[in-house]
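Participant: Based on what follows, work out the 3D shape:
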Amino acid sequence: MNTGRGAGLAAITVTSLLWGTTGTAATFAPSAGPLAIGAAALGVGGLLQALIAIPALRTARPQLQQQRSLVLIGALAVFLYPLAFYSSMHTAGVAIGSVVSLASAPLASGVLERVVEGRALSRWWMLAAGLGITGSVMLCVSTMNDSTRGLAPTLLGVALGLVAGTTYALYSWTTHRLMSSGVSRAASMGSVFGLGGALLLPVLFITGAPLVASSEALAVAAYISLVPMFLGYLLFGFGLTRVSASTATTVTLTEPAIATLLAVLIVGERLTPLGWIGLALMALVLALLTVAPTAEYRATTSR
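Facilitator: Model prediction:
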């Protein structure tokens, strides 16, 4: 396996492990609504991305001005993603919300690369995506059958999860596209996430009072903003320089597996045998992408 690609896969895998903790962490701040948690997570995290990228942003300013429509599209996706994602978990449960959000992302990412860029998606990617989505559906069905939230909230949560998955794929694609056009990793991530974070600040101002009402809620907000969001997206940006956006979003199918395990072990949600089979398929996805032939990978990323 190509060493650079292996490092990219490793970075994105660590990212997905960190992201998998966010839903469970949010349950420790029950007084804070999902909009407040989401706005704090990527609002603060996004601005920190821009802060550490100031020198790179200055250098890349002419390139970013030429690609301003792409930056704006990515920033709007960053704005919508956390609001939909945390609302999905709040409405349908941690397991269902995270599974639907992340399972739908590879499909959206693959469609973007196929339709917009004309890339041929490799058989390895299609196999990995198919297995990952199957595993995610198993997890979703497993937890849905045990859900006490009712059909309407569950369906609303699923719909919000689809919005989250689509916007996640969109900002992953836009940042990867910026990097492919010659914009540095720091400037690409800093511009998209910095502008998206700025757009989230009014939402945080309106809804964020409960986050500072107690030390526990403040600690939750600080953890989500600094560790899964800030550190996680640094690693994600590193990974995007070495693998395609469709591969990256497929690797992060391991996030709902982690989120589901934590929901079972800590939050108290239950998992049936079908769900455990789904988790096993998630592990198989990561193994497949790790051993995928370099030639197949190049076929998906060549332009």
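
Participant: so the residue lying closest to residue 89 once chain neighbours are set aside is in which element?
Facilitator: Nearest non-adjacent residue to residue 89, counting by Cβ to Cβ, 6 or more residues apart in numbering: residue 97, 3.3 Å away. Every residue, glycine included, has its C-beta placed from N, CA and C. Assessed by DSSP states H and E, residue 97 sits inside helix 94-115.

Participant: pLDDT averaged over that helix - what is it?
Facilitator: For helix 94-115, the mean pLDDT works out to 75.

Participant: and that helix, C-alpha only, in CSV?
Facilitator: Written as CSV, here are the backbone C-alpha positions of helix 94-115 (Å, rounded to 0.1, in the frame of the first residue of the first chain):
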residue,chain,number,x,y,z
VAL,A,94,-27.4,9.0,19.3
ALA,A,95,-27.0,5.7,17.4
ILE,A,96,-29.6,6.4,14.7
GLY,A,97,-28.7,10.0,14.1
SER,A,98,-25.0,9.3,13.7
VAL,A,99,-25.5,6.2,11.6
VAL,A,100,-27.8,7.9,9.1
SER,A,101,-25.6,11.0,8.9
LEU,A,102,-22.4,9.2,8.2
ALA,A,103,-23.8,6.3,6.1
SER,A,104,-25.4,8.7,3.6
ALA,A,105,-22.1,10.7,3.2
PRO,A,106,-20.2,8.3,1.0
LEU,A,107,-23.1,8.1,-1.5
ALA,A,108,-23.4,11.8,-1.7
SER,A,109,-19.6,12.2,-2.0
GLY,A,110,-19.4,9.5,-4.8
VAL,A,111,-22.2,11.2,-6.7
LEU,A,112,-20.4,14.6,-6.5
GLU,A,113,-17.1,13.1,-7.8
ARG,A,114,-18.9,11.1,-10.5
VAL,A,115,-21.2,13.9,-11.8
